[in-house]
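output the structure for:
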Amino acid sequence: MASLFDTTRNFSLYTIPAAWVIAFVPHFYAATQSKLFDNRSSRTYAQTLEKDQTISKDTKSRILRAEAVQTNGFENLALFATAVLAGHLAGLPAAKLNTLSVGYLISRVVYNFVYINNTSEGMANLRSVVFLAGVGQVMALFIMSGNMLRERAANLL
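Residues are numbered from 1 along each chain as shown. The predicted structure follows:
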């Protein structure tokens, strides 16, 4: 059981495909919430949904939020993947890479849940806080990587 939580083994590269899956899941959820989804023209789903009068406003809103959170996840994926790769290039310790990478994944799961179920100003504010927490972890990876590389360069002189 102790090996399950072994932070000396670096698994942060595996969090990149995991982040992709976390970004994709809301679209799968949205597609299963209505019979209007047509996989032959999946990008028109939102427009088709807007015109349909048979689906409740709440259901439409939840589906549209799920599509929006998917877009947000894919927009942030490149930044996250680049930060993880920068950490590897800089030689950050496995424990730091693992902690920040998994922290980002957790923030994305929470973000997805809060965004899809957001119906109040308080939930919207929580969504923003969770988003910034995830971005903060990505920025921490970049800053730590930059510091590590700067120290290495200084030691070469």
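
which elements pack onto the helix or strand harbouring Asn125?
Under the criterion of DSSP states H and E, Asn125 resides in helix 121-156. Applying 3 or more Cβ pairs under 8 Å, 6 or more residues apart in numbering; DSSP states H and E, one finds that helix 121-156 contacts helix 57-90, helix 94-116. The way it works is simple: take the backbone N, C-alpha and C, and place the C-beta from them, glycine included.

mind checking how far the closest residue to Tyr104 other than its chain neighbours is from Tyr111?
Nearest non-adjacent residue to Tyr104, counting by Cβ to Cβ, 6 or more residues apart in numbering: Gln137, 4.7 Å away. Distance, Gln137 to Tyr111, using Cβ to Cβ, to the nearest Å: 12 Å.

these two: who's more crowded?
In this view Gln137 and Tyr111 are compared by other Cβ atoms under 10 Å, and Tyr111 has more residues nearby, 25 against 20.

could I get the pLDDT score of the closest residue to that one other than its chain neighbours?
Ranked by Cβ to Cβ, 6+ apart and with sequence neighbours excluded, the top spatial neighbour of Tyr111 is Val130, at 4.7 Å. Looking at Val130, its pLDDT is 97.

surely Val130 and Val110 touch.
Yes - under the criterion of Cβ atoms under 8 Å, Val130 makes contact with Val110 at 5.0 Å.

neighbour count winner among these two?
For Val130 and Val110, the more surrounded residue by other Cβ under 10 Å is Val130, and the numbers stand at 20 against 17.

what sits against that one?
Ser107, Val110, Tyr111, Val114 (Cβ atoms under 8 Å, 6 or more residues apart in numbering).

and if we set it to 10 Å?
Ile106, Ser107, Arg108, Val109, Val110, Tyr111, Asn112, Phe113, Val114, Tyr115 (Cβ atoms under 10 Å, 6 or more residues apart in numbering).

tell me which helix or strand of this protein sits lowest on mean pLDDT?
Within the chain, no helix or strand scores below helix 45-51, which has a mean of 67 by mean pLDDT, DSSP states H and E.
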